[in-house]
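Peer 1: Turn this into a model:
(one chain, ligands or ions: 2)
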Amino acid sequence: MNSIHTISTTPYLDQRPGTSGLRKKVKHFQQLHYLENFIQSLFDCLEGIAGKTLILGGDGRYYNQEAIQIILKIAAANKIGRVLVGHHGLFSTPAVSCVIRHRKAFGGIILSASHNPGGINGDFGVKYNTSHGGPAPESVTEAIYARSKKIDRYFILKADDIPLDTLGTHHLNETVVEVINPITDWAALMESLFDFSKIKALFDTGAFHMYFDAMNAITGPYAKEILEHRLGAGPNTVLNGDPLPDFGGGHPDPNLVYGKSLVTKMYRANAPSLGAASDGDGDRNMILGKRFFVTPSDNLAILAAHAHTIPGYRSGLAGIARSMPTSQAADRVAKALEIECFETPTGWKFFGNLLDAGKATLCGEESFGAGSNHLREKDGLWSVLFWLNILATQRQSVEAIVRKHWAKYGRNFYSRHDYENLPSDQTQQLIEDLRQQLPNLIGKQFNQHQITLADDFSYHDPVDQSITSGQGIRLCFEDGSRIIYRLSGTGTEGATLRVYLERFEPDPNQHGLETQIALSDLIQLANHLAQIKQKTHRIEPTVIT
Ligand code: VG1
Ligand code: CO
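Peer 2: Numbering: from 1, shown residues only. Ligands and ions are numbered 1, 2, ... in the order given. Down below sits the predicted model:
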């Protein structure tokens with residue numbers, strides 16, 4: 001038996017999880033007892049976890065392996081019954097969600113800062129998911145935070161590291177540590193949802209090609225297994241397929257800015273029919289056709305409109321859920337299908353109750369996230385397979401499918417403008433100033449735009465009746481246009497202001513407009529009302545998606 005040590009510690013006061021777990025710089029996490037404090041605070045809050053099963057793994061970023069060894073020893077000292085760790089310590093976020101559900105685990109710990117850069121100077125993160133497979137709700141994350149401010153000791157086993165590079169079973173005192181293949185359960189789930197033989201037949205025509213850019217993050221092995229091995233997509237389909245601790249120096253965020261190398265390939269004359277990418281931990285997706293970009297909000301709407309053609313969703317959708325800043329394109333599909341469309345705060349944790357209660361089947365966010373009741377996380381490759389199934393059935397181009405969708409439902413022009421790394425105090429003041437203006441804005445007219453609703457979004461969860469307020473400043477206009485302002489909850493440096501812009505256009509003759517031009521009025525108004533240039537001293541956003 002190895003001895004259990006009780007280590008005295010002092011609290012750090014900054015361990016409050018944000019939109020998706022606790023995210024800090026790697027060096028911040030490497031401070032004395034920092035990770036240990038957070039993990040022990042977590043275990044202190046999880047009543048009844050002794051003897052139970054936990055899933056553990058991360059996106060492979062710098063510090064992943066070291067953190068796993070520390071967590072295993074703390075888990076053993078806290079008498080966790082069994083820990084299932086991904087081979088090499090790797091696990092995508094959707095695969096963790098899948099294995100928690102499949103193995104009926106108590107919960108799972110995901111080591112990731114998702115789309116944030118990695119490496120020794122990059123970011124690290126820890127997220128806890130509960131037994132339904134989804135991110136812990138705020139009641140749990142707030143309890144962990146409260147505990148972390150008081151913690152004065154943690155328990156850790158003095159033992160050798162567990163070899164993570166071979167599959168097999170090990171023991172840390174009474175705790176069983178099993179190193180498992182992280183892909184198996186998730187891949188089987190994908191086969192149960194989609195028509196693999198139909199998709200294979202599409203690749204077998206020889207006329208259909210695709211690229212999947214794993215951005216040197218977690219999805220490379222998953223994409224190779226599914227796309228290249230099971231679906232016959234061809235050996236060079238997966239780009240940047242090896243997970244690297246620093247993601248090859250890149251920023252593993254699949255959007256038009258950080259996914260530029262794929263975008264460039266998809267805009268060449270000989271581009272393939274489909275281009276896709278996923279983020280650091282595999283839960284985001286970007287979908288591109290030949291010379292065509294699918295806006296994530298449209299993506300959700302299009303998946304919903306085609307769900308009945310997909311084996312896993314043939315019986316129809318119970319409802320759709322989208323985060324508040326996501327465009328209202330999905331609402332139009334929900335209306336046509338006569339099902340409900342729920343509007344939640346930003347972050348996947350808010351979809352969990354709706355999915356568990358059977359109120360929603362598909363969920364999505366404007367930030368390149370989509371998923372369904374198959375898991376309790378968004379799932380990047382799931383979205384790609386959904387598209388492949390649509391393309392294999394429709395035998396039309398991505399662009400044709402999107403244009404047909406707009407023609408039927410109208411187009412929601414949509415864009416998000418991010419101002420990254422701003423001074424925190426000033427940026428919070430900008431939001432506060434807007435909040436003060438809200439009562440005076442209702443009914444005001446700006447050019448042809450009249451404001452009909454101006455508030456700070458508050459969510460009433462229809463399942464557990466909890467209320468979450470302060471979720472973003474909303475300005476809604478008579479014609480359905482919206483301007484939304486909120487601060488990011490995933491950054492690790494300064495503050496990031498996000499401005500979300502949306503305008504509905506029913507006229508098909510206008511659907512070809514360039515997005516920023518179609519939104520130019522609203523962009524100007526958003527700047528004017530929040531005084532963005534004056535207050536941030538920035539002349540333009542750092543990222544436009
Ligand atoms: C961002 C996105 C949000 C997403 C979250 C986690 O949060 O806007 O939609 O759920 O990241 O995604 P924020 O608070 O920075 O706007 V991931 O792929 O980073 O886990
Ligand atoms: Co992610």
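Peer 1: what sits against the spatially closest residue to Gly51 that is not a sequence neighbour?
Peer 2: If you skip the residues right next to it in sequence, Gly51 has Gly81 as its closest partner in space, 4.1 Å away by Cβ to Cβ, 6 or more residues apart in numbering. Every C-beta, even on glycine, is put in place using the N, C-alpha and C of the backbone. Neighbouring residues of Gly81 by Cβ atoms under 8 Å, 6 or more residues apart in numbering: Ala50, Gly51, Lys52, Thr53, Glu174, Thr175, Val176.
Peer 1: now do Ile532
Peer 2: Tyr419, Leu430, Leu497, Val499, Ala526, Arg538.
Peer 1: Can you spell out which residues form a bridge with the third one?
Peer 2: Just to be clear, that refers to Leu497. On the basis of DSSP bridges, Leu497 is bridged to Tyr419, Leu487.
Peer 1: thought it was touching Gln428?
Peer 2: No. Leu497 is not in contact with Gln428 according to Cβ atoms under 8 Å; the separation is 9.8 Å.
Peer 1: Around ligand 2, which positions in the stretch 51-200 of the chain sit nearby?
Peer 2: Ser114 (Cβ under 5 Å from the ion).
Peer 1: just the strands in the stretch 301-450 of the chain please.
Peer 2: Under the criterion DSSP state E, counting those that start in this stretch, the stretch 301-450 of the chain carries strands at the ranges 319-323, 340-344, 362-365, 369-372, 411-422, 445-446, 449-456.
Peer 1: what's the least confident stretch among the ones you listed?
Peer 2: Mean pLDDT is lowest for strand 445-446 among the strands of the stretch 301-450 of the chain, at a mean of 88.
Peer 1: So what are the sheet partners of that one and their directions?
Peer 2: strand 449-456 (antiparallel).
Peer 1: ok, residues contacting the partner strand?
Peer 2: By Cβ under 8 Å, 6+ apart, the list of residues contacting strand 449-456 reads 435, 437-439, 441-445, 469-479, 481, 521-522, 525.
Peer 1: Show me what secondary structure element comes after it.
Peer 2: Remark: after strand 449-456, the chain's next helix or strand is strand 459-460, criterion DSSP states H and E.
Peer 1: Distance from whichever helix or strand comes after that following strand to the middle of the chain?
Peer 2: The helix or strand immediately downstream of strand 459-460 is strand 467-468, counting by DSSP H and E. Averaging C-alpha positions (Cα atoms, centre = their mean, to the nearest Å) puts strand 467-468 21 Å from its chain's average.
Peer 1: I would like the residues contacting strand 467-468, please.
Peer 2: Glu138, Pro345, Phe350, Ser458, Tyr459, His460, Asp461.
Peer 1: Can it be said to contact ligand 1?
Peer 2: No. Judged by Cβ under 6 Å from any ligand atom, strand 467-468 stays clear of ligand 1, getting no closer than 13.2 Å.
Peer 1: After that strand, which helix or strand is next?
Peer 2: strand 473-477.
Peer 1: in its sheet, what does that next one sit against?
Peer 2: strand 449-456 (antiparallel), strand 482-487 (antiparallel).
Peer 1: pLDDT (mean, whole number) over that strand?
Peer 2: 96.
Peer 1: List the buried residues for that strand?
Peer 2: Ile473, Arg474, Leu475, Cys476, Phe477 (16 or more other Cβ atoms under 10 Å).
Peer 1: Give me the spatial nearest neighbour of the first one, chain neighbours excluded.
Peer 2: Spatial nearest neighbour of Ile473, excluding adjacent residues (Cβ to Cβ, 6+ apart): Tyr485 at 4.4 Å.
Peer 1: Having no further points to raise, I will conclude here.
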